[in-house]
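**Q** Based on what follows, work out the 3D shape:
(6 chains)
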Number of protein chains: 6
Amino acid sequence: MILRIDRLQTELPPPSDPDPVGASAVQELLGGKFGEMSTFMNYTYQSFNFRNRQGARPFYDLLASIAAEEFGHIELVTTAINTMLTGAADGKPGEAGDLSGVKGTRNTQQFIAGGAGAMVQDSMGKPWNGDYVFSSGDLLEDLTHNFFLETGARNNKLKVYEMVDHPAARALTGYLLVRGGVHQVAYARAIEKLTGADLMKMFPSPRIPTEKIPECQPHIKRCEHLKLYRFSPDDFQEIAAVFNGPHPETGEDLEIAEEVQPEGAPPFDLPPQPAVFAPGPEPEEIAKIAAKLRKAAGLPKEPTGVVANNGKGVAGKVKDAVS
Amino acid sequence: MILRIDRLQTELPPPSDPDPVGASAVQELLGGKFGEMSTFMNYTYQSFNFRNRQGARPFYDLLASIAAEEFGHIELVTTAINTMLTGAADGKPGEAGDLSGVKGTRNTQQFIAGGAGAMVQDSMGKPWNGDYVFSSGDLLEDLTHNFFLETGARNNKLKVYEMVDHPAARALTGYLLVRGGVHQVAYARAIEKLTGADLMKMFPSPRIPTEKIPECQPHIKRCEHLKLYRFSPDDFQEIAAVFNGPHPETGEDLEIAEEVQPEGAPPFDLPPQPAVFAPGPEPEEIAKIAAKLRKAAGLPKEPTGVVANNGKGVAGKVKDAVS
Amino acid sequence: MILRIDRLQTELPPPSDPDPVGASAVQELLGGKFGEMSTFMNYTYQSFNFRNRQGARPFYDLLASIAAEEFGHIELVTTAINTMLTGAADGKPGEAGDLSGVKGTRNTQQFIAGGAGAMVQDSMGKPWNGDYVFSSGDLLEDLTHNFFLETGARNNKLKVYEMVDHPAARALTGYLLVRGGVHQVAYARAIEKLTGADLMKMFPSPRIPTEKIPECQPHIKRCEHLKLYRFSPDDFQEIAAVFNGPHPETGEDLEIAEEVQPEGAPPFDLPPQPAVFAPGPEPEEIAKIAAKLRKAAGLPKEPTGVVANNGKGVAGKVKDAVS
Amino acid sequence: MILRIDRLQTELPPPSDPDPVGASAVQELLGGKFGEMSTFMNYTYQSFNFRNRQGARPFYDLLASIAAEEFGHIELVTTAINTMLTGAADGKPGEAGDLSGVKGTRNTQQFIAGGAGAMVQDSMGKPWNGDYVFSSGDLLEDLTHNFFLETGARNNKLKVYEMVDHPAARALTGYLLVRGGVHQVAYARAIEKLTGADLMKMFPSPRIPTEKIPECQPHIKRCEHLKLYRFSPDDFQEIAAVFNGPHPETGEDLEIAEEVQPEGAPPFDLPPQPAVFAPGPEPEEIAKIAAKLRKAAGLPKEPTGVVANNGKGVAGKVKDAVS
Amino acid sequence: MILRIDRLQTELPPPSDPDPVGASAVQELLGGKFGEMSTFMNYTYQSFNFRNRQGARPFYDLLASIAAEEFGHIELVTTAINTMLTGAADGKPGEAGDLSGVKGTRNTQQFIAGGAGAMVQDSMGKPWNGDYVFSSGDLLEDLTHNFFLETGARNNKLKVYEMVDHPAARALTGYLLVRGGVHQVAYARAIEKLTGADLMKMFPSPRIPTEKIPECQPHIKRCEHLKLYRFSPDDFQEIAAVFNGPHPETGEDLEIAEEVQPEGAPPFDLPPQPAVFAPGPEPEEIAKIAAKLRKAAGLPKEPTGVVANNGKGVAGKVKDAVS
Amino acid sequence: MILRIDRLQTELPPPSDPDPVGASAVQELLGGKFGEMSTFMNYTYQSFNFRNRQGARPFYDLLASIAAEEFGHIELVTTAINTMLTGAADGKPGEAGDLSGVKGTRNTQQFIAGGAGAMVQDSMGKPWNGDYVFSSGDLLEDLTHNFFLETGARNNKLKVYEMVDHPAARALTGYLLVRGGVHQVAYARAIEKLTGADLMKMFPSPRIPTEKIPECQPHIKRCEHLKLYRFSPDDFQEIAAVFNGPHPETGEDLEIAEEVQPEGAPPFDLPPQPAVFAPGPEPEEIAKIAAKLRKAAGLPKEPTGVVANNGKGVAGKVKDAVS
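**A** Predicted coordinates:
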């Protein structure tokens, strides 16, 4: 089972100019064959289906802890998409023409099915599906798959980075390239440990050094390209048995983070988009009801949740940005 | 982001007689339109896409904490399926006829694609897909959907309960009916709080009282039908503002659990199934490598993971059971 | 728009021995590429999308009226499937083991998703989809498609006839072969009228004379193999301009029926199946409520609907049949 | 079975400026998860699969009659799309560049697969499929689903209304919002009658009053927001037992229409689009053949079909509009 | 089995101005229901599944040899798409903004999943799938299907011709219209031989003479509209028994080519697109390795492959064209 | 383009006892994610999409020639399936009960859609689709994929070998394991050549030596585990630059075959199955027409095609086998 911490694994910029077409492209990193839904679900099911866990504990722990990190990645991609969509559906609910600005966008369902929100789809609007999960039960084969999956994921992130200029997309890909790179190394190392085969000369794959990407630099400085987190209060202690030795690109030592998980950052509380009824045509009515319920339950007057823009709001900024 | 705890939310029985045909049917509860992948992913994406969280905090907290619980449910269903498949693929790797016993089973991919393991599919072998996620951004509508989804999920669980006699399937549905019932109530109550509409007379839906099911009784005794957990170290404090009042069937008071999450139980370490190469054609080789790696990393000699059958093994039991 | 008449286009036998595996096969005739959903939807959308209707009126009328008949065919196939499923899910709601008899059936979703009811799927459980609709807007091409579609449909019906012995399946295919044959001729004739090409020597296709099938005989005797109905109170008068001349197999004259639609037969009121909650775990409660509502609305005490087993019930028969 | 009446349930404007990108968005209301294919097929199959009809007659009648109305809705959405596409594919058949104007449109298959015609797809080009049909056989659950489906459908219509300015799209959504609202009320009322639960405070959902939409006003004036039609010459008399009481938004009395169906309006006969071969590269050749066939069959010289632009033609108008 | 000849069946123009939106549309001819994947796979599987081949040899030979030709057609469509994409992803690997020019293109996966390369998809990005293969085993029915398939394919080619102005698309459709026309005739003739039915008056279908298309003229001049090739060193001698008689449009005699296959033309060696890592971020590194490997293996210093631009390169041209 | 040779790459046994359930499982090797459609199409499209071919010629040649071999593999799997289905649909066309023996088989569409023939589907009846093709344009990444694909394919073949006892399935998997093993080595070697990484210790993967399988022995004896064929009259000379060095399991030298392609064997001419109309309800009628056409075309009286059972027939054998 899991516990959820209401923070993002890394900070993303607040909404600025909306970029719905860019947000359609970023969907590839969420619901594409090589998107984060795939990494999250592949490792999660491989860990669920893992037989003889005690006998192969270091490998089980590796899969399970990386799986847990990937939840944070679907959260990040979704957040970036939502950030990019903020402001694109301005206007009043139920008014003709309000959404005419996005009539020609590439993913209309972000607005018609969603409320200026991410879909569980790829960049062509096709839904992610369970066929993208490979879980053969054969440890060596699952690891081979995972190394390939991370390679494909790195490819897609690099291209979305090249394609979409929005600050949220840039920050997102900068972070994911670093963390995905760690997972790519982890699986390569696991194959090495299991077979003796040396995959290190395959790095970087694609053959573009991560450090070349400016948006990766801050994370590299914090050594995020070297660390694996356990993402568990007590479990998955044995990842250290697999994830060690030199980094194939930099030669620095790989390490297990002392902290259970990255500190991360509180999410921005994205502003309502009444024209798409998110969180409803009349958000303030909901807020009133919420306040009343909070009071009746003996909770503090102010919301207890921590968000990046507590008391400040991003709505105003957004308005400026789009006008 | 999440932390993962390597325990099941409830205890399931160890492998006994394998039941691959039954395991095919149980897949509906995993990858079906109303399976746990759907509940997990719906609430997760609704929480990711939630706008104006501070303004609607109690509702956001409700979605996010139930979403976290649902991860535990996909884990449970997968575990039940794997338990039911254990022993069905006995035999030696690479030997003709080893799998002839499951040639006619309803989900051959559990053996050909998987290693006697669960697929991300429904009972007809169709993959779960992102079209099953409804995330409109409109709070009232999302809640309406969720109430309907839980109703459909309860229907499917009841029927799988009626259909599959295997102890793992029975224990699974017994637990999920109780917890799903709590979520059904939670969403109905959330709609009430938001609109004033009274949905309580719709319970139970389908119109079969949960307490009528023997396998639900132990959980009802532990008041699991009344409690919501936060599933977070610090967050989601405001679920109490929505989840309160009398239970629609029993009249007892709904409550927020004091513990962050249920204590649960350690998973069984399911035995290798060499005929399907899980975790490989030669599991003992992997174990040897793992022991060596553990030693090299300065870890304890014995695996650090906690499993229900530490030191005892279920393999023997299984062998007895199937012979 | 349409009006609905609550009668079947032909009589089908009442439930007898249930045959869920057979019912899985019959699904091909409903949701398969060449099933009745395809014929219904193809001709319906071709008529909706028809440009220059006045200029090509006889052809438009032909498509529109055949489309209307096809609604009756999806109704018939569904009814046959439901008839075959009746009795397969006997037992009390919520009781373990009730559905164990169908755990291994080929379409478990008829029981888990449905209430011993038809799915919008083919014989492998794949959903019918809009890609099966061909509507090019080019009249000659649409007709070419339709002739091919009816040929494929005839093939599938013949094979299901050979495969499934259940009386409902036999009666169903007997009727559909006759009526599908009429449509096959109609489209061939339309192509002839439009181009001068002579397709008559392609009959029968597949090369099995319809009259060879015993279950077709009663319908042939009533000349159902020669007639086209308008299926409209006032419209589609011009089908006579296309559908005329000799029948390619028998040489008899094709004709337009004087009646707007076949007289048909009232449907059997299929008995409840409480184990799958159809129409609910406690059908009699629903009946009581219905009676109360009827009274409050000033309606007759007895249900106004006409069913084949008014006052008699098939439930008893079914019970006899399955024991 | 059905009879088809060759009229639209409401009048739509004739072709004007073509809007293929808008027509791509409107597809969501046809083949999307919450489009009219879904409402039509859900209620149709629920009625086909309905067990114990006599015992639950008022509910059966409700489903069956609303299902019949929904056929008219797929007809209307298709017509609106076709209207919006008219003029976008001007030019001569087989001439290079003729379709270059729509090379970048969002649904190229409306032109490549279709003849400037609607597809059975959603706004992203994904085909409608049978998984969108929910037919559990459990009356209460089917009704719960239907209430949710209508809520989602209302959401989608409102957003398409906001997104697409074309007169046909506006008129379409104006009408469908009113009629969909009636169905939403009908299902809520049916749940109330069955359980006693009060859902009326959930209206309007989404929380935008229908009367706020200018394009809904004419239909509200004709009380179309209060009426249910039987859509059958003789059947479905018992809808009155369910559909009664006050309208949740206006307090006016719900009523059963005296007429079997709305009077509606004859369809426009949309002009040929030779560049996409609809109804063929040389429409006038087809017209000549049709005239000859009509004569040979002893039919009147003029086409017998009634269309809105009999003798007048919209082709000219269209030409004006697009130039 | 097959042998592969590294030549295109006809010459296509070198890259010029890139046209990614046009390339999205051309995908319909590759992965659409009526694209070349469908023709290739339909005839291939029909030949594999053909029973009683000796008894029906001329027909088997016809299917098998046309199937072989269709491989060349998927190669041609892919080549045209790749030609049209060349130059659209100019820039350096890993540099932000490099792909911003194609952020809004209709098939983003050509760049994110592919390397400025074709996808196995239709013009809406939906993958080709095996449901598009019709292989009933009934010869007459398979032929009926094939005639219809070729008719639909001709329709789609004509429309793509009208829609996409790029020289590669024009040359492609010009050639395919001629060769597809031959196959359409071949299947019609096969039906005639088998049944006596006369389909010749259905030509041309759609009713646009092939000779009207300027890009078809050169191929017609070389009598490519009259010839069938065996596409086999020794087999498929009996196609002459079916493919003979007059061409339905021109009256000229159909004939079997003396050559086994068309001479065709060497392919252009399309230039690297480093921004999408094709064939890698650093193509020259790969070239160096290749040279070294060639040397080590005792192969000639220069590449042995024959390409249209040997020693000249198209990269320069492309650069000119796009600037 | 390709030339087709009407021979199988290896001999398969003639029909014996039919095994339709086994044939359903073997479908995984045809249309599954790791089936031969995937290997064929992946390498084919990678070769089509290959940029800078001259610069990377040895790798291009490798992909193109292996792609050509894979056509032979889809042919072999299809043939095995058809062999296993022969005799399962005995009986007369159009006679009730003829197909009742396969009513419960796992892939009913092999009989309803096909004529006792293979479908382009996996073992669960899901169609193969273009999403299974990975063609990134990045050579290193494509090779990484291909190595993984062959590993997954080997896994699936081993399991189908274990699962299905039919002689055709055994012979099939025996051959494909050997040839797939060669491709797995080829791609690993290509990665080594490109990066220097040593993957040889990953063999065998799954960790079951090929030589352990009795059905592989005859092919190993003929050194089929060491050879790569060019599969082209003149092209693909440079595969020798990549495919060389010692075999990772046996240490023997890898080699390029002197022959262009394996000699293979003529296919059995599978007998008609009239109950499923293959090649028609009256095969002898077709044979008569064929004979007449052959004569009219001046062809030899006897069929010119070469089949394994020329003049002998397998029909009789089959009859014996099944009775």
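**Q** what about the strands in the stretch 1-150 of chain A?
**A** Assigned by DSSP state E, counting those that start in this stretch, the strands in the stretch 1-150 of chain A fall at A:2-4.
**Q** My read is that A:H73 contacts A:L176, right?
**A** Yes. With contacts counted by CB atoms under 8 Å, A:H73 reaches A:L176, the gap being 6.4 Å. Where you see a C-beta, it was placed from the backbone N, CA and C, and this is true even at glycine.
**Q** out of these two, which sits in the more crowded spot?
**A** Neighbour comparison, A:H73 and A:L176: the larger count goes to A:L176, with 28 against 25 (by other CB atoms under 10 Å in any protein chain shown).
**Q** near chain E, which residues of the stretch 1-150 of chain A?
**A** For the stretch 1-150 of chain A, the residues in contact with chain E (CB under 8 Å from any CB of the partner chain) are A:21-22, A:24-25, A:28, A:32-34, A:106, A:122-126.
**Q** Save those residues as JSON lines, and put in neighbour count and distance to chain B too.
**A** Shown next, in JSON lines, are the residues of the stretch 1-150 of chain A next to chain E (neighbours: other CB atoms under 10 Å in any protein chain shown; distance: CB to the nearest CB, whole Å):
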{"residue": "A:V21", "neighbour count": "20", "distance to chain B": "19"}
{"residue": "A:G22", "neighbour count": "25", "distance to chain B": "17"}
{"residue": "A:S24", "neighbour count": "28", "distance to chain B": "15"}
{"residue": "A:A25", "neighbour count": "30", "distance to chain B": "17"}
{"residue": "A:E28", "neighbour count": "25", "distance to chain B": "13"}
{"residue": "A:G32", "neighbour count": "27", "distance to chain B": "11"}
{"residue": "A:K33", "neighbour count": "22", "distance to chain B": "12"}
{"residue": "A:F34", "neighbour count": "26", "distance to chain B": "15"}
{"residue": "A:R106", "neighbour count": "23", "distance to chain B": "17"}
{"residue": "A:D122", "neighbour count": "32", "distance to chain B": "9"}
{"residue": "A:S123", "neighbour count": "28", "distance to chain B": "13"}
{"residue": "A:M124", "neighbour count": "27", "distance to chain B": "13"}
{"residue": "A:G125", "neighbour count": "23", "distance to chain B": "10"}
{"residue": "A:K126", "neighbour count": "26", "distance to chain B": "8"}
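**Q** Can you give me every residue that contacts the residue sitting nearest the centre point of chain A?
**A** Most central in chain A under CA atoms, centre = their mean is A:H73, positioned 2.0 Å from the mean C-alpha point. Residues near A:H73 by CB atoms under 8 Å, 6 or more residues apart in numbering or on different chains: A:9, A:36, A:39-40, A:176, A:179.
**Q** Tell me where the stretch 201-323 of chain A has helices.
**A** Ranges of helices in the stretch 201-323 of chain A, per DSSP state H, counting those that start in this stretch, are A:217-221, A:283-296, A:315-322.
**Q** Please apply the same query to the stretch 51-200 of chain A.
**A** A:57-85, A:109-112, A:139-163, A:167-195.
**Q** Turn the ones you listed into a markdown table, columns for mean pLDDT.
**A** Listed next are the helices of the stretch 51-200 of chain A as a markdown table, based on pLDDT from 0 to 100:
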| stretch | mean pLDDT |
| --- | --- |
| helix A:57-85 | 98 |
| helix A:109-112 | 98 |
| helix A:139-163 | 98 |
| helix A:167-195 | 98 |
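**Q** show me the residues around the residue lying closest to A:F50 once chain neighbours are set aside that make contact.
**A** Distance criterion CB to CB, 6 or more residues apart in numbering or on different chains; nearest residue to A:F50, sequence neighbours excluded, is A:Y60 at 5.0 Å. A:Y60 makes contact with A:47, A:50, A:53, B:305 under the criterion CB under 8 Å, 6+ apart.
**Q** The third one: neighbour count?
**A** It refers to A:R53. When neighbours are counted by other CB under 10 Å, A:R53 comes out with 22.
**Q** thinking again about what came up before, relative to C:E282, which of the helices of the stretch 51-200 of chain A is closest?
**A** helix A:109-112 (39.7 Å; CB to CB).
**Q** Spit out the residues that contact A:H73 and A:L176 alike.
**A** Common contacts of A:H73 and A:L176, defined by CB under 8 Å, 6+ apart, comprise A:E36.
**Q** circling back: can you pick the most crowded of the contacts of A:H73?
**A** A:L176 (28 neighbours).
**Q** Tell me the predicted confidence for the nearest residue to A:G130 once chain neighbours are set aside.
**A** Take A:G130 and drop its neighbours on the chain: the residue closest to it by CB to CB, 6+ apart is B:V120, 2.9 Å away. Note on B:V120: pLDDT of 98.
**Q** Please look at B:V120 and A:V133 and confirm they touch.
**A** Yes. Counting by CB under 8 Å, B:V120 touches A:V133, with 4.7 Å between them.
**Q** Between those two, which is the more surrounded one?
**A** Taking other CB under 10 Å, B:V120 and A:V133 do not tie; A:V133 has more neighbours (27 against 24).
**Q** Quickly note the distance from that one to chain F.
**A** 11 Å (CB to the nearest CB, to the nearest Å).
**Q** ok, now which ones touch that residue?
**A** Contacts for A:V133 (CB under 8 Å, 6+ apart) come out as A:38, A:41-42, A:45, B:119-120.
**Q** Of the residues you listed, which is the nearest to chain C?
**A** B:M119 (14.2 Å; CB to the nearest CB).
**Q** How many neighbouring residues does that closest one have?
**A** 28.
**Q** quick one: contacts for the residue nearest to it when sequence neighbours are not counted?
**A** The shortest distance from B:M119 to any non-neighbouring residue, by CB to CB, 6+ apart, is to B:Q109 (5.5 Å). When contacts are counted by CB under 8 Å, 6+ apart, B:Q109 touches B:119, B:121, B:125, F:28, F:122-124.
**Q** ok, those residues vs chain A, which is closest?
**A** Closest approach between the contacts of B:Q109 and chain A, by CB to the nearest CB: B:Q121, at 5.8 Å.
**Q** correct me, but that closest one touches B:N107?
**A** Yes. Taking CB under 8 Å as the definition, B:Q121 is a contact partner of B:N107 at 7.2 Å.
**Q** show me what contacts the spatially closest residue to A:H183 that is not a sequence neighbour?
**A** Ranked by CB to CB, 6+ apart and with sequence neighbours excluded, the top spatial neighbour of A:H183 is A:E150, at 5.1 Å. Counting by CB under 8 Å, 6+ apart, A:E150 touches A:39, A:180, A:183-184, A:187.
**Q** can I get the residues you listed in a markdown table with distance to A:E263?
**A** Listed next are the contacts of A:E150 as a markdown table, based on distance: CB to CB, whole Å:
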| residue | distance to A:E263 |
| --- | --- |
| A:T39 | 22 |
| A:G180 | 20 |
| A:H183 | 20 |
| A:Q184 | 24 |
| A:Y187 | 25 |
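**Q** So which bits of the stretch 151-300 of chain A are right by chain C?
**A** Nowhere does the stretch 151-300 of chain A come near chain C, counting by CB under 8 Å from any CB.
**Q** quick one, what contacts the closest residue to chain E within the stretch 201-323 of chain A?
**A** In the stretch 201-323 of chain A, the residue that lies nearest chain E is A:I208 (4.1 Å; CB to the nearest CB). Counting by CB under 8 Å, 6+ apart, A:I208 touches A:158, E:93-94, E:277, E:281.
**Q** what's the distance between A:L149 and A:E70?
**A** Noted for A:L149: a distance of 11 Å to A:E70, by CB to CB, to the nearest Å.
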